[in-house]
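J.: Give me coordinates for this.
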Amino acid sequence: MIKGRKTTFEERLEITQSTIARDNDYQGAIEKYGVSYQQIYSWVKKYHVEDLI
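T.: Prediction:
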């Protein structure tokens with residue numbers, strides 16, 4: 001399990017958009033950006049909620 005790292009808002013946005021663009025390829029994002037699954041999952045979920053507003 002990868003421990004998450006601190007990220008900026010811009011990094012989170014890039015990681016989230018990249019994950020969504022690759023059909024929610026969480027494993028690829030984990031390996032590429034070095035963040036945890038829980039972090040990415042949370043950001044993607046929040047991104048979709050904000051998209052609905």
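
J.: Can you tell me the element D23 falls in?
T.: For D23, there is no host helix or strand (DSSP states H and E).

J.: pLDDT score assigned to it?
T.: Looking at D23, its pLDDT stands at 96.

J.: same deal with V49?
T.: pLDDT for V49: 87.

J.: Give me the distance between it and T19.
T.: 15 Å (Cβ to Cβ, to the nearest Å). (C-beta placed from N, C-alpha, C; glycine too.)

J.: which residues sit against the helix ranked longest in the chain?
T.: Using DSSP state H, we find that the single longest helix of the chain is helix 37-52. By Cβ atoms under 8 Å, 6 or more residues apart in numbering, the residues outside helix 37-52 that reach it are 2, 4, 7, 12, 15-17, 19-20, 24, 26, 29-30.

J.: thinking again about what came up before, ok, V49 and T19, which is more surrounded?
T.: Legend: neighbour count by other Cβ atoms under 10 Å for V49 and T19, higher for T19 (23 against 9).

J.: Assess the claim that the more buried one and A29 are in contact.
T.: Yes. Under the criterion of Cβ atoms under 8 Å, T19 makes contact with A29 at 4.6 Å.

J.: Can you give me the buried ones in the least confident helix or strand in the chain by mean pLDDT?
T.: In the chain, no helix or strand scores lower on mean pLDDT, DSSP states H and E than helix 37-52, which sits at a mean of 90. Under the neighbour-count criterion of 16 or more other Cβ atoms under 10 Å, helix 37-52 has Q39, I40, W43, V44 buried.

J.: how much space between E11 and L52?
T.: The value you get for E11 to L52, if Cβ to Cβ is used, is 23 Å.
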